[in-house]
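Asker: next comes the sequence, and after it the predicted model I'd like to discuss.
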Amino acid sequence: MFDQLTQRLEDAFKNLRGQGRITEKSLDESLREIRRALLEADVNFKVAKIFLQRVRERASGQQVMRSLTPGQQVIKIVRDELIALLGGQAAPLANALTPPTVIMLVGLQGCGKTTVAGKLGVFLKEQGRLPLLVAADTYRPAAVDQLRILGESAQVPVFTAVEFDGDAGPVEICRRGVAEARATNRSAVILDTAGRLSIDDAMMTELADIRSTTEPDEILFVADGMLGQDAVETAQRFHEQLAFTGCVLTKLDGDARGGVALSIRESTGEPIKFVGTGERLEALEQFHPERMASRILGMGDVISLVEKAEKVIDQDRAKELEERLRTETFTFDDFREQLQAVKSMGPLDQLMGMIPGAGKALKGVQTDDNALGRVEAIINSMTAQERGRPQLLNGSRRRRIARGSGTSVQDVNRLMKQFQAMQKMMRQMNQQAKGGRRKAPLFTPGMS
């Protein structure tokens, strides 16, 4: 999402290279470029103005620190101010002293509230908490069914009006949902409220009634990251009426320009607590301002990458696979297992963006998530014997595998070459590091 903004900021810092001191002229030129980059990213112009004033106050006349170029000094200042703009530090989700913790989701129709409810249920489960989803959107067709399906996928129970009275209104559904969560010892209850295409008095009155009836510990405003300035203006109006306690930004994996992420915290004064980064139920990340600032500036986000890997990679199994690589007993079954782990971590372009310097080093390189599916299809088209003994794959077998997987013989040959290259690399590493141990690589095809 921030690719364009990242590139424009990098261009802005070029003016400062090779200078021993930050001059007013060079600073003015850089700030003009930064301002243009922010506005093009759809950052609110008032927010951009405040941000630039803060950067100027800190950068103007500063002597460059030892071993740092002026560009690096300004980047540090910009990074610090970006972190402050985004909230300073991560804001954890509330945890009520007396369960259940009541979390109320609000926002316009189409912003992704129902999907966020399902994702939040998964997030809470991963934390060891027991959530209950409450379907309080009685207006949008199929909203209740959608939440029920999400609940089944997440293995989280869903409370609906059908449980007691199909004609009950949203306020009563929420009240009874909270009572149900308390009676069944659930540690959290998520209220999926209704939205409208635009803000109106009836919606706000209903949401205010739900708030007064259930007394939620958290009111999370769900904003569509694709809407830009409209999302910021909507957030301000919701905050005036409901005083929400945090924001959830959705669709940050799309082609949004990122301005909403930089504007909404400054405009409302409330923290961004979560961001949606994909369609999968696991694609909800707790928002960390310092990590997001590093991503925006092209510095990567290794901590988030490691956290993603830890969720999908079993450490004991990883050690076993590493040993199989060293002893050259690594098979295509093992290969497929690593491939599935990579796929479950999210889109390749997101993963590559978390590696420091990868954005610049791989500029112009296309990542193809479909390539992962093609590789998996090729492996699935092999027999168990072929997966265990890749040396059996002669020409006729490769043609059969290509037909069975819907790929070409060239695709099969390319996979074989990658597999053999990895085996060769591990043999060389074994020979060069007899006294030490190195980590086996995680296979990531899909770049061309």
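Answerer: Looks like it arrived, so ask away.
Asker: endpoints of stretch 83-98, how far apart?
Answerer: Distance across stretch 83-98, first residue to last, is 33 Å (Cα to Cα, to the nearest Å).
Asker: helices of the stretch 201-350 of the chain, start to end?
Answerer: Secondary structure of the stretch 201-350 of the chain (DSSP state H, counting those that start in this stretch): helices located at 201-214, 229-242, 259-268, 289-296, 302-312, 315-326, 332-344, 348-353.
Asker: over to the stretch 1-150 of the chain?
Answerer: Under the criterion DSSP H, counting those that start in this stretch, the stretch 1-150 of the chain contains helices at 3-13, 24-40, 45-59, 70-85, 113-126, 143-154.
Asker: other SSEs contacting the last one?
Answerer: Right, helix 143-154. Contacts defined by 3 or more Cβ pairs under 8 Å, 6 or more residues apart in numbering; DSSP states H and E place helix 143-154 against helix 113-126, strand 131-135, strand 158-159. For every residue, glycine as well, the C-beta is placed using N, CA and C.
Asker: number of residues surrounding the residue nearest to Val260 when sequence neighbours are not counted?
Answerer: In space, and not counting its chain neighbours, Val260 is closest to Ala231: 4.7 Å by Cβ to Cβ, 6 or more residues apart in numbering. Residues lying near Ala231 (other Cβ atoms under 10 Å) number 29.
Asker: for Ala377, same thing?
Answerer: Neighbours of Ala377 under the rule other Cβ under 10 Å: 15.
Asker: same check, this time on Met203
Answerer: Applying other Cβ under 10 Å, I find that Met203 has 21 neighbouring residues.
Asker: just Thr138 next, same as before
Answerer: By other Cβ under 10 Å, 17 other residues sit near Thr138.
Asker: for it, what are its contacts?
Answerer: Taking Cβ atoms under 8 Å, 6 or more residues apart in numbering, we find Thr138 in contact with 144, 161, 169-170, 173, 194.
Asker: in those, which has the lowest confidence score?
Answerer: Ranked by pLDDT, those bottom out at Ala161, which has 84.
Asker: neighbours of that residue, how many?
Answerer: Applying other Cβ under 10 Å, we find 20 residues neighbouring Ala161.
Asker: for it, which non-adjacent residue is closest in space?
Answerer: Distances taken as Cβ to Cβ, 6+ apart put Ala168 closest to Ala161, at 4.6 Å, once the chain neighbours are dropped.
Asker: so the one you found sits against Val162, correct?
Answerer: No: if you go by Cβ atoms under 8 Å, Ala168 and Val162 don't touch, sitting 9.5 Å apart.
Asker: which one of the two has more residues nearby?
Answerer: Higher neighbour count among Ala168 and Val162: Ala168, with 18 against 11, using other Cβ under 10 Å.
Asker: now for Ala168 and Val162: what residues contact both?
Answerer: Contact criterion Cβ under 8 Å, 6+ apart; residues shared by Ala168 and Val162: none found.
Asker: show me what contacts the residue nearest to Val260?
Answerer: If you count contacts by Cβ under 8 Å, 6+ apart, Ala231 has them with 223-225, 260, 264.
Asker: can you name the two of those residues that sit furthest apart?
Answerer: The distance between the two most remote of the contacts of Ala231 (Cβ to Cβ) is 11.3 Å, for Asp224 and Ile264.
Asker: who has more neighbours out of those two?
Answerer: More neighbours surround Ile264 than the other of Asp224 and Ile264, with 28 against 21 (other Cβ under 10 Å).
Asker: what sits against Asp28?
Answerer: Counting by Cβ under 8 Å, 6+ apart, Asp28 touches no other residue.
Asker: if we can go back for a sec, give me the buried entries from the contacts of Thr138.
Answerer: By neighbour count, with 16 or more other Cβ atoms under 10 Å, these hold 144, 161, 170, 173, 194 as buried.
Asker: my guess is the second one contacts Asp167. True?
Answerer: Okay, so that is Ala161. Yes: counting by Cβ under 8 Å, Ala161 touches Asp167, with 7.4 Å between them.
Asker: and Glu282, how many residues sit next to it?
Answerer: Glu282 is flanked by 18 other residues according to other Cβ under 10 Å.
Asker: then the one 10 residues further on?
Answerer: One way to gauge burial is a neighbour count; for Met292, by other Cβ under 10 Å, it gives 25.
Asker: ok, it to Thr114 distance?
Answerer: Here the criterion is Cβ to Cβ, to the nearest Å. By it, Met292 lies 25 Å from Thr114.
Asker: most tightly packed of the helices and strands packed on helix 143-154?
Answerer: The highest mean neighbour count among the helices and strands packed on helix 143-154 belongs to strand 131-135 (a mean of 27), with neighbours defined as mean count of other Cβ atoms under 10 Å.
Asker: mind giving me the packing neighbours of that strand?
Answerer: When contacts are defined as 3+ Cβ pairs under 8 Å, 6+ apart, strand 131-135 sits against helix 113-126, helix 143-154, strand 158-159, helix 170-183, strand 188-192.
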